[in-house]
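*Asks:* coordinates only, sequence not included:
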């Protein structure tokens with residue numbers, strides 16, 4: 001028995017060592033050869049003089065054949081390098097029926113089936129890696145993989161684990177959108193035969209997968225950026241989901257089975273913008289790469305930045321921009337199957353529905369959340385005329401329970417609203433769990449109400465719920481000019497503790513009329529924000545420019561009622577953040593809101609050296 005155990009252990013070690021020793025590296029480049037000509041083992045172009053096959057292959061399809069979807073020339077733990085052109089310019093690889101790839105699943109009668117099989121599983125020590133040139137030097141010029149022929153997806157990551165994708169642009173070459181009812185029919189994707197149009201339906205399909213890492217990817221201009229469900233751990237680092245005309249992340253597989261996740265899905269240093277809008281493909285022209293044709297739901301449009309059906313797992317958004325999506329920014333209202341949603345150090349702004357919708361346990365800390373849900377109405381017609389405006393009344397933060405012990409924490413956020421209410425809470429519709437031991441804690445936040453976009457004769461209300469939370473902790477907030485629904489200045493503030501700089505905060509209401517004057521400092525609740533622009537017209541749509549031009553929620557001066565008025569104790573087990581949204585340290589008396597006031601250093605006094613006597 002002991003000898004048998006030793007043999008099994010030895011076999012295990014042999015398998016592990018074998019995987020490490022025999023993991024291969026492949027190269028793909030436009031001047032490579034076919035699989036019969038090259039084995040992909042060497043980063044060199046193909047020429048007729050090569051007889052030992054030691055050269056790069058010309059396309060990923062040579063390694064992951066879409067025609068059969070069973071011919072796979074890479075194994076788990078292998079590395080595939082996708083190279084640019086020999087002169088250093090960006091390579092563009094067509095991902096669909098073209099050239100030598102026209103049989104089987106790539107037959108012209110069903111072009112949409114021309115997509116690669118799933119990527120083989122790696123291991124914790126040897127993940128399977130597909131990476132673009134420049135992956136290790138800042139990814140400044142990633143190769144482009146563009147979908148054509150109505151391809152169902154570019155990458156398939158199903159029934160696999162330990163897979164890494166990095167440094168690629170995944171897109172198509174069409175300006176079309178999916179909304180069938182859009183008034184300009186020339187912009188609606190033609191899905192009829194022949195299936196030779198230059199668009200694809202999605203960038204990635206991820207199902208029944210775990211330990212997946214996506215790094216330095218731009219997924220833009222498709223139907224869904226990512227369609228995913230039944231996931232374990234997935235990490236997105238520096239991923240830009242941009243102008244995918246159905247959704248950025250679509251979490252409803254609609255395959256007749258559960259789509260629920262069980263692991264941790266992490267978005268870090270990423271952006272999800274302009275979902276539900278098209279992306280202009282017009283190379284060489286000024287409008288190339290800009291969003292257009294946002295389509296509201298009545299026209300067949302959609303546009304959640306992140307949306308799911310019934311799901312669980314942990315969701316983490318850390319330093320993420322969720323901006324100008326054509327429906328909700330982050331919709332996790334069906335997060336009812338366990339886990340927690342954490343949103344921190346992020347900017348959520350200008351989404352056309354609710355900025356955040358969350359069910360279950362949540363922590364929302366150190367975020368700038370601008371609920372200018374009518375942003376589309378203030379843009380050029382080609383972009384926003386047919387987009388949503390304050391869908392579902394546009395309340396900024398929707399926090400609802402689905403379990404008996406669900407806890408929601410809002411801590412050190414700066415939130416502005418032109419929707420119906422700043423916060424909607426209580427029991428999620430369709431849930432039978434009543435008020436048991438649920439809690440809502442809102443501390444150190446700025447809640448800034450503006451005229452309701454859909455009812456401009458009044459301001460946003462502070463808080464609405466049909467069934468209240470059994471436990472509420474609400475204090476040290478700045479509540480500015482909310483509608484006088486349910487007397488918020490007295491009824492919303494609850495359970496102010498003793499010590500730790502605790503106070504009732506500052507609150508004003510606008511009665512039943514509308515009020516907006518950001519420069520009226522006679523209003524004691526005015527936080528002295530530098531500027532609020534609910535209709536910003538951006539000069540560019542890259543994450544860098546969007547973040548730079550967005551509303552800052554910074555204080556003009558130290559006279560803000562938020563300055564040094566923050567609570568310093570723990571809130572529902574969550575500590576006050578030690579740095580603010582911009583990474584500046586908070587002192588022993590933190591400010592209320594996401595941004596800490598600081599006095600810029602004075603410029604040094606310069607002396608005229610000719611006046612200095614020896």
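*Replies:* Thanks, I have it. Because the structure is a prediction, the values reported are computed rather than measured.

*Asks:* give the contact list for residue 579.
*Replies:* Going by Cβ atoms under 8 Å, 6 or more residues apart in numbering, residue 579 touches 366, 585-586. Yep, even glycine has a C-beta here, placed from its N, CA and C like the rest.

*Asks:* just those residues now: which is nearest residue 569?
*Replies:* Nearest to residue 569 among the contacts of residue 579: residue 586, at 13.7 Å, using Cβ to Cβ.

*Asks:* How about that closest one, nearest residue that isn't a chain neighbour?
*Replies:* Leaving aside its sequence neighbours, residue 586 sits nearest to residue 596 (Cβ to Cβ, 6 or more residues apart in numbering; 5.2 Å).

*Asks:* so how far is residue 583 from that neighbour?
*Replies:* 10 Å (Cβ to Cβ, to the nearest Å).

*Asks:* Repeat that for residue 323.
*Replies:* Relative to residue 583, and taking Cβ to Cβ, residue 323 is found at 20 Å.

*Asks:* before we move on, what about residue 60?
*Replies:* 39 Å.

*Asks:* Let's verify residue 392: helix, strand, or coil?
*Replies:* helix (DSSP: H, G, I helix; E, B strand; the rest coil).

*Asks:* Can you give me the neighbour number for the residue lying closest to it once chain neighbours are set aside?
*Replies:* Sequence neighbours aside, residue 353 is the residue nearest to residue 392 in space, at 5.5 Å (criterion: Cβ to Cβ, 6+ apart). By the criterion of other Cβ atoms under 10 Å, residue 353 has 28 neighbours.

*Asks:* so residue 353 is in which element?
*Replies:* Assessed by DSSP states H and E, residue 353 sits outside every helix and strand.

*Asks:* May I have the beta-bridge partners of the residue nearest the centre of the chain?
*Replies:* Centroid check for the chain by Cα atoms, centre = their mean gives residue 272 as the closest residue, at 3.7 Å. Beta-bridge partners of residue 272, counted by DSSP bridges, are residue 241, residue 322.

*Asks:* Could I get the pLDDT score of it?
*Replies:* Looking at residue 272, its pLDDT is 98.

*Asks:* what's the answer for residue 84, then?
*Replies:* 98.

*Asks:* Compare neighbour counts for residue 323 and residue 583 and give me the winner.
*Replies:* Ranked by neighbour count (other Cβ under 10 Å), residue 323 and residue 583 place residue 323 first, with 26 against 9.

*Asks:* what's that one in contact with, if anything?
*Replies:* Counting by Cβ under 8 Å, 6+ apart, residue 323 has contacts 271-274, 329, 347-351, 546, 550.

*Asks:* Kindly report the same for residue 310.
*Replies:* Residue 310 touches 258-260, 334, 336-337, counting by Cβ under 8 Å, 6+ apart.

*Asks:* Then residue 335?
*Replies:* Residue 335 neighbours (Cβ under 8 Å, 6+ apart): 308, 311-312, 315, 341, 358-360, 402.

*Asks:* where along this structure do the helices fall?
*Replies:* 2-22, 381-384, 488-491, 543-549 (DSSP state H).

*Asks:* Report all helices and strands that the second one contacts.
*Replies:* The reference is to helix 381-384. strand 291-292 (3 or more Cβ pairs under 8 Å, 6 or more residues apart in numbering; DSSP states H and E).

*Asks:* Show residues contacting the strand it packs on.
*Replies:* 175, 187, 242-243, 274, 277-280, 324, 382-383, 541.

*Asks:* Now with 10 Å, please.
*Replies:* Around strand 291-292, the neighbours that count as contacts under Cβ atoms under 10 Å, 6 or more residues apart in numbering are 175, 177, 184, 187, 220-221, 242-243, 245, 273-280, 324, 326, 379-384, 538, 541.

*Asks:* go on, stretch 39-52?
*Replies:* 24-34, 37-38, 53-58, 62-63, 73-74, 78, 80-81, 83, 86, 133.

*Asks:* Take those residues and keep only those in strands.
*Replies:* Counting by DSSP state E, the part of the contacts of stretch 39-52 found in strands is 25-33, 57, 80-81.

*Asks:* Please produce TSV containing these, extended by pLDDT, neighbour count and distance to residue 481.
*Replies:* What follows is the ones in strands among the contacts of stretch 39-52, written out as TSV (pLDDT from 0 to 100; neighbours: other Cβ atoms under 10 Å; distance: Cβ to Cβ, whole Å):
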residue	pLDDT	neighbour count	distance to residue 481
25	98	14	61
26	98	23	61
27	98	21	61
28	98	26	58
29	98	27	60
30	98	16	59
31	98	15	64
32	98	23	64
33	98	21	68
57	98	25	63
80	98	23	56
81	98	20	57
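
*Asks:* from those, which is closest to residue 571?
*Replies:* residue 80 (46.7 Å).

*Asks:* wait, what's in contact with the closest one?
*Replies:* For residue 80, the contacting residues are 24-28, 40, 57, 60, 63-64, 73-74, 119, 128-132, 165, by Cβ under 10 Å, 6+ apart.

*Asks:* Tell me what it is bridged to.
*Replies:* Bridge pairing for residue 80 - DSSP bridges - gives residue 26, residue 130.
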